[in-house]
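*Asks:* starting from these lines, generate the structure:
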Amino acid sequence: MPIEIKELYIKINVDDSKNASSGSTTEDSAAIIAACIEEVMEKLKDQKER
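*Replies:* I've put the predicted structure just below:
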């Protein structure tokens, strides 16, 4: 019998003090956030099609 997970809780702690000195972290963060948003939108689109 398959198990269906209806909710997923993710908690992430980010410590920006280590990366505050480099200027590219903002660009890296923006790229990561954009990729995550794109992935979530794809998942939501797939769910609506079902």
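
*Asks:* which regions of this structure lie under the pLDDT threshold?
*Replies:* 16-24 (pLDDT under 70).

*Asks:* quick one, helices of it?
*Replies:* 25-49 (DSSP state H).

*Asks:* center of it - which residue?
*Replies:* Cys36 (3.9 Å; Cα atoms, centre = their mean).

*Asks:* quick one: contacts for that one?
*Replies:* If you count contacts by Cβ atoms under 8 Å, 6 or more residues apart in numbering, Cys36 has none. For glycine as for every other residue, the C-beta is placed from the backbone atoms N, C-alpha and C.

*Asks:* ok, now how distant is it from Ile3?
*Replies:* To Ile3, Cys36 is 25 Å away according to Cβ to Cβ, to the nearest Å.

*Asks:* Asn13 too?
*Replies:* 28 Å.

*Asks:* same check, this time on Ile10
*Replies:* 18 Å.

*Asks:* and if you look at Leu44?
*Replies:* Counting by Cβ to Cβ, the gap from Leu44 to Ile3 is 22 Å.

*Asks:* between these two, who's got more neighbours?
*Replies:* Leu44 (10 against 4; other Cβ atoms under 10 Å).

*Asks:* check contacts around that one.
*Replies:* So Leu44 contacts nothing (Cβ under 8 Å, 6+ apart).

*Asks:* how far out from the middle of the chain is stretch 6-17?
*Replies:* 9 Å (Cα atoms, centre = their mean, to the nearest Å).

*Asks:* do stretch 35-42 as well
*Replies:* Worked out by Cα atoms, centre = their mean, stretch 35-42 lies 7 Å from the chain centre.

*Asks:* chain center to stretch 29-42: distance?
*Replies:* On Cα atoms, centre = their mean, the centre of stretch 29-42 falls 6 Å from that of its chain.

*Asks:* for it, C-alpha coordinates in CSV please.
*Replies:* The C-alpha coordinates for stretch 29-42 follow below in CSV (Å, rounded to 0.1, in the frame of the first residue of the first chain):
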residue,chain,number,x,y,z
SER,A,29,20.9,34.0,-3.4
ALA,A,30,18.7,35.6,-6.2
ALA,A,31,19.6,32.8,-8.6
ILE,A,32,18.8,30.1,-6.0
ILE,A,33,15.5,31.7,-5.1
ALA,A,34,14.6,32.1,-8.8
ALA,A,35,15.4,28.4,-9.4
CYS,A,36,13.3,27.4,-6.3
ILE,A,37,10.3,29.5,-7.4
GLU,A,38,10.5,28.0,-10.9
GLU,A,39,10.6,24.4,-9.5
VAL,A,40,7.6,25.1,-7.2
MET,A,41,5.6,26.6,-10.0
GLU,A,42,6.3,23.5,-12.1
